[in-house]
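**Q** Sequence first, then the predicted structure, then my questions.
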Amino acid sequence: MYVRAYLRASTKDQDANRAKDDLFRFADERGLKIAATYTENESGASLARPELFRLLADCHPGDVLLVEQVDRLSRLNADDWAKLKAEIGTKRVRVVAVDLPTSYQLANSGDDFSSRMLDAVNGMMLDMLAAIARKDYEDRRRRQAQGIAKAKAKTGDERVYRGRPEDEQRNASIMTMLTNGQSWASIIAATGCSRSTLSRLSQRVKAGSRKG
């Protein structure tokens, strides 16, 4: 049995490896070894995820697909979730999610009867959490669309919605810290910025150094 960790973030600006340490800690606490990690920046609402399907292609029956949360695996609509579940079932892969305690026992289940019972219970919980993740995705998109429409109606300007303005002074300071070699942990502690912001600014610093 191999444990394969799947790490996903929705956009290029987000750090898909954010939860890597947590997954390795989770596995270590349960006497498991992660054989490989698969990381990508793709929407959980899309089936077009090359790394996820590379993971499944690499799997053997009984292997574990480890994720931080079910929504890292799926924010899919019902039809696409059914397709992904069928692929997982065909490969006889066990899905273990840190936010789904009923899945933990699947990593170490023994006899066939216990495995089948755990699979049934865990399958129902996966379906429920996948449906919740999809609803959350749709709710956020609807609220965003309502906010844009409200802003446009208020100003009459189709270009009004540009997102939250960048804090240029703070970001310049962060980029200086990065250039000086300060650790991400110390920068986050000092500025309160998110890891996704830090990742984006780190890419700017790297791009600037290449140009120089």
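**A** Sure thing, it's come through.
**Q** In this protein, what residue spans correspond to strands?
**A** 3-9, 34-41, 64-67, 94-97 (DSSP state E).
**Q** Going along the chain, name the helices of this protein.
**A** 20-29, 50-58, 70-73, 78-91, 112-155, 168-179, 184-191, 195-211 (DSSP state H).
**Q** Quick check: which of these is buried the most?
**A** Each of the helices of the chain was scored by mean neighbour count; the highest is helix 70-73, a mean of 22, by mean count of other C-beta atoms under 10 Å. The way it works is simple: take the backbone N, C-alpha and C, and place the C-beta from them, glycine included.
**Q** Pull up the gap between residue 145 and residue 137, please.
**A** 13 Å (C-beta to C-beta, to the nearest Å).
**Q** ah, wrong one, I meant residue 26
**A** Relative to residue 137, and taking C-beta to C-beta, residue 26 is found at 25 Å.
**Q** So this structure: which segments form each domain?
**A** 3-134, 168-211 (automatic domain parsing).
**Q** Please convert these to CSV, extending it with distance to residue 153.
**A** CSV is the format used below for the domains of the chain (distance: least, C-beta to C-beta, whole Å):
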stretch, distance to residue 153
domain 3-134, 27
domain 168-211, 29
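**Q** Can you lay out those domains as JSON lines showing mean pLDDT?
**A** Shown next, in JSON lines, are the domains of the chain (pLDDT from 0 to 100):
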{"stretch": "domain 3-134", "mean pLDDT": "84"}
{"stretch": "domain 168-211", "mean pLDDT": "84"}
